[in-house]
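Undergrad: need a 3D model of the sequence below.
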Amino acid sequence: MAVRDRATIAGELLAAESTSSIRTTVRATLLMLLLALLAGVMAYQAPPQGRVAIGWPGDRLFVGVSPGLGQAPVERGDLFADELTPDSPTGRSRWTRERAVLVLPNVGAGSALQLTIVAQGWPASVGVQPTVSVFIDEVLVGNFVPTPHWEAYSFSVPGIVHQHDNLTITLQSSATLTDERDPRPKGVRLAEIRIASNQESALFLPPAWPAVALLGWNAVLLAVLLARLRLSQAQVYILTTLGISIAAIGLAGARIWMAAILNVAMIGLLALNVLVYRQPLLTFIRRLVQHYAHGRILGYGLVTVALVCFGYVLFHVFHWMTAVGIRLFWQIFPDSLLLALLGTALLALILNNGRTGLPRLSDALVDWLATRYGARLVLGLFAVIWLGFEATVIAALPYVGHADYSDNAIVARNLVRGRGWVVDYISQFYYLYDSVTRPQETWPLLQPVWIAPFFALFGPTAWAAKIPNFIFDVILLVLLYNIGSWLWDRRVGVTAAIIVLTNYLFFRLSIYVTNDLAFVVFSLAATAALLRSHTDAGKRWQWLIVSAICTGLMMLQKPSGAMFALGMGLWQLTILLNHLRPIPTWQQRWQRLRTELTPIVVWSLIALFILSPYLVRNMILFGKPVYSTESYDAWVLDYRGVSGDAWAEIYRVFAPEWGGPGLPNRSWILRWGFDATITKFETQVRELRAYLMPAWPGAPDPIAALFSHDAQKNILTSLGAWLALTGFLAAIAYRRNWMSLIGFTYTPYILFMLTYWRTNEERYWVALIPWLALLASWIIWAGYDRLAAIGDRRWAPLGLILALTAIVTIVAASQADIADKVRNEPRIWQQDLAAYEWLRANTPPDAVIMTRLPWQVNWHTERPAVMIPNTDDRELLLHIAHHYGAKYLVLENQMRVKGDVGRLLAPLMDHANQPGMIIDGFELLYASPTPDFRAFIYRIPTSK
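TA: From the prediction side, this is the model:
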């Protein structure tokens, strides 16, 4: 038999085997579907029953929840947040409003039910109680008057009343309760809802078909998932049948829970199927892209899109010409006429070269930018112009920034003066300190080290504290250029560097004394060097050591960088496991393991050695290797919302010696309530999505949930976010090794921020901006290359125009924020700086100042300071002031006190107050000489 014949027969046999396998899988899936449908119908023959503990996890599957006080939550029937309720039978409860709606899904229609509500009325001191009417599917089934004690109220629900699959329970209160300390309109407090059958078994109970369909769909998804895991046909049958049985038993014994859980299970199984089938899905997408990446149809489509974009650009140009250009033309007339004639002549000369004139010029410009000389020249000119602009801004700003920014400068000043790592202020009240001078605890050690040499050379000035920023800006510029050139080409490197440094967030990092700029540099270098160590075999160890050093410095710059290091280590271990998997024998695996594990161990040890001074210092001073008051803030921040009053919660008095509740810890999640925890997590997810994902107004609901709700929050601007997302999707298919490292590196950090800390501050995500800028720059120039290749390069000029427009649009989007910082922020600081000058001139050097901004006060006045505690207790505030020896109270214009203490001190912040006045015992010594936006300085009363 010929070789060709054998190959043909083998192909036919393989095709037949594949077809047979598909048929077997389809038959098995259909069988599981039929079994699931039958099991669902049989489960509904059991009488309905179940209970919901109100206020415990899972009850939000059945009730709506809202903290709002308007009419909309009343119309929806939302309940208030869950609360710890020691006297409740379940330990927790929720207050209803005037109207409350509870929906028990897929109970099944037509069954007579017994409904039991466990509720409590208003406190006994109120006297009268409301009457609560109970409706089932809008039909009244009874009333009850609650008591101050917990009682169970039962109601019979005839089958004729309950004619829908879902059981909708509505509670209508005749009145609501409010008071000064709790303005919520409260109806009745609920602890539990129970249902049970109220009739003898019928011959046949109609099932809730949506739930049966969900059970069938879950069975199909489970069978498909198990088939992908290389299990035998028998194992797939057994495990799928087991899953169907568990769900059916759940429908029979705990129907209201299982009916709700089926929706959640479907989403989870879909996600798992996408995960396990990711390889064929990616292969299909890659082939689809490759199939449509060639041919005239794609070319015509790209040209059409490009022309539409070009028309959009022209529209804005003409709009600018109409609004600004014509006025400018007449302002410089007649010179403007000569410039217009010259421009027209040059354009005519270019066009006169014919079809190849503009395309040739466009290609020449782009090719020149791709050369080493051209790229470095553009990068150098940009660096001189931009850093020169930043230098002029910094020279005019007589401040270093807020909170930890000032903290960095203060520690550096104390280091130069030989005082060590100490500060002279109290910023929170977790502990009772003996004096205002204490070891610096919250922020990491490295940033003050960069500042100290320049303080030693030029003195502790605001501009000297920012000199390290220029150094890190230059390093970042060079890093981005080299990474972009290595991964793609020089055009990408230059473009990414320009986009990043002109970004408004990086401008802020340059004009303030932050930890984040150096952190970005070290994290970027550590990640890139680690990837290089796996792609450059000849210099693997050199790149690995560079990565380890940068990783250690990254963690020393910001301890949260340990999450990056964790992800990088997991990436290396994953590659090691992939290398071990195909090795047949354990002996060979062990040999390979020892060989490839050594670099990972060396990398880890070097990074930990560099981090060790921080760990040793913390052990000596605080008894913990990693210590920060933020470990307490994490259990307070955002659990009360994101308002200014909510933020002030971390400045409450927690020290038990002053009557505080003690140090916050993870058990406080129960204190705040499950709703608060869920809301905090939802807020973090929403804000992270807003920073990274582009906005898509008008998108369908399931898709819109994936995109930003506010394009103004995109950290790479709106257009940059779209380009970066496109680049991310392309990199999954064509830069998988690089994307896997980025994914592993940032995932632990993202999870850490979502679950433990918080995401709703842009500077926490600046480390992602360089990678987003690289992706966006790649897409910009890939778009140019693809468009220029169409039609014998005749569309190259259009591609160049759009590429430059995209770059200018991204850069320009940050300029409004930058202009606002340069133009308006100094005026905001002006009143406070004048007040600080008054303190320097009129108070002794050891005078302790009570203020909302102890960091700034200490930096500008060199006086000890203590935070104003967030309390409504005047006696406690004065007691704390006297304990730390505070003589003066400063109420700044830049950041007013909020929360309880804001209301307590409100009379002291009246703009009508004048020096010499005594208000509540506080003598006004200084007030800004302005009609509004005033700062005040008071003498604190010596007695309570």
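Undergrad: wait, isn't residue 207 in contact with residue 44?
TA: Yes - using C-beta atoms under 8 Å, residue 207 makes contact with residue 44 at a distance of 3.5 Å. For the C-beta atoms, the positions are set from N, CA and C on the backbone; glycine is no exception.
Undergrad: what sits in contact with each of these two?
TA: residue 108 (C-beta atoms under 8 Å, 6 or more residues apart in numbering).
Undergrad: ok but residue 706 is inside a strand, no?
TA: No - per DSSP: H, G, I helix; E, B strand; the rest coil, residue 706 lies outside any strand segment and is coil.
Undergrad: run a quick neighbour tally on it.
TA: 10 (other C-beta atoms under 10 Å).
Undergrad: name the nearest residue to it, sequence neighbours excluded.
TA: Leaving aside its chain neighbours, residue 706 sits nearest to residue 693 (6.6 Å; criterion: C-beta to C-beta, 6 or more residues apart in numbering).
Undergrad: what helices and strands are in contact with the helix or strand encompassing residue 247?
TA: Counting by DSSP states H and E, the element that carries residue 247 is helix 233-253. Packing partners of helix 233-253 (3 or more C-beta pairs under 8 Å, 6 or more residues apart in numbering; DSSP states H and E): helix 3-43, helix 209-228, helix 255-276.
Undergrad: for residue 428, see how far away the most centrally placed residue in the chain is.
TA: Central residue of the chain (C-alpha atoms, centre = their mean): residue 688, 2.5 Å from the mean position. To residue 428, residue 688 is 26 Å away according to C-beta to C-beta, to the nearest Å.
Undergrad: quick one: the helix holding residue 247 to helix 255-276, angle?
TA: Going by axes from the mean of the first three to the mean of the last three C-alpha atoms, to 10 degrees, helix 233-253 is angled at 150 degrees with respect to helix 255-276.
Undergrad: what's helix 233-253 in contact with?
TA: 24, 28, 32, 35-36, 39-40, 42-46, 49, 211, 215, 218-219, 222-223, 226-227, 231, 257-259, 261-262, 265.
Undergrad: show me where the stretch 701-850 of the chain has its strands.
TA: Along the stretch 701-850 of the chain, the segments classed as strands by DSSP state E, counting those that start in this stretch run 848-851.
Undergrad: where do the helices of it begin and end?
TA: 701-704, 718-734, 736-755, 769-788, 796-812, 815-823, 825-842 (DSSP state H, counting those that start in this stretch).
Undergrad: need the winner for burial among the ones you listed.
TA: The highest mean neighbour count among those, using mean count of other C-beta atoms under 10 Å, belongs to helix 769-788: a mean of 24.
Undergrad: so for residue 150, which of the helices of the stretch 701-850 of the chain sits nearest?
TA: Shortest distance between residue 150 and the helices of the stretch 701-850 of the chain, using C-beta to C-beta, is found for helix 736-755: 34.2 Å.
Undergrad: quick one: the closest one to helix 769-788, angle?
TA: Using the same axes, to 10 degrees: helix 736-755 against helix 769-788 is 140 degrees.
Undergrad: packing partners of helix 736-755?
TA: Helix 736-755 packs on helix 516-535, helix 561-580, helix 674-692, helix 718-734, going by 3+ C-beta pairs under 8 Å, 6+ apart.
Undergrad: same thing but 6 Å
TA: For helix 736-755, the contact count by 3 or more C-beta pairs under 6 Å, 6 or more residues apart in numbering; DSSP states H and E identifies helix 561-580 as packing neighbours.
Undergrad: quick check: mean pLDDT across the helix it packs on?
TA: Mean pLDDT, computed over helix 561-580, is 94.
Undergrad: from the chain's centre, how far out does that helix sit?
TA: Remark: helix 561-580 is offset 23 Å from the chain centroid, using C-alpha atoms, centre = their mean, to the nearest Å.
Undergrad: please enumerate residues in contact with it?
TA: With C-beta atoms under 6 Å, 6 or more residues apart in numbering as the test, helix 561-580 has contacts from 523, 530, 551, 554-555, 589, 592, 596, 600, 741, 744-745, 747-749, 752.
Undergrad: kindly recompute the last result at 8 Å.
TA: Here helix 561-580 makes contact (C-beta under 8 Å, 6+ apart) with 519, 522-523, 526-527, 530, 534, 547, 551, 554-555, 589, 592-593, 596-597, 599-600, 603-604, 607, 740-741, 744-749, 752, 767.
Undergrad: please indicate which of these are buried?
TA: Buried members of the contacts of helix 561-580, scored by 16 or more other C-beta atoms under 10 Å, are 519, 522-523, 526-527, 530, 534, 547, 551, 554-555, 593, 596, 599-600, 603-604, 607, 740-741, 744-749, 767.
Undergrad: low-confidence bits of the stretch 701-850 of the chain, can you list those?
TA: 791 (pLDDT under 70).
Undergrad: same thing with the chain?
TA: In the chain (pLDDT under 70), the answer is 1-25, 199-204, 289-357, 791, 943-944.
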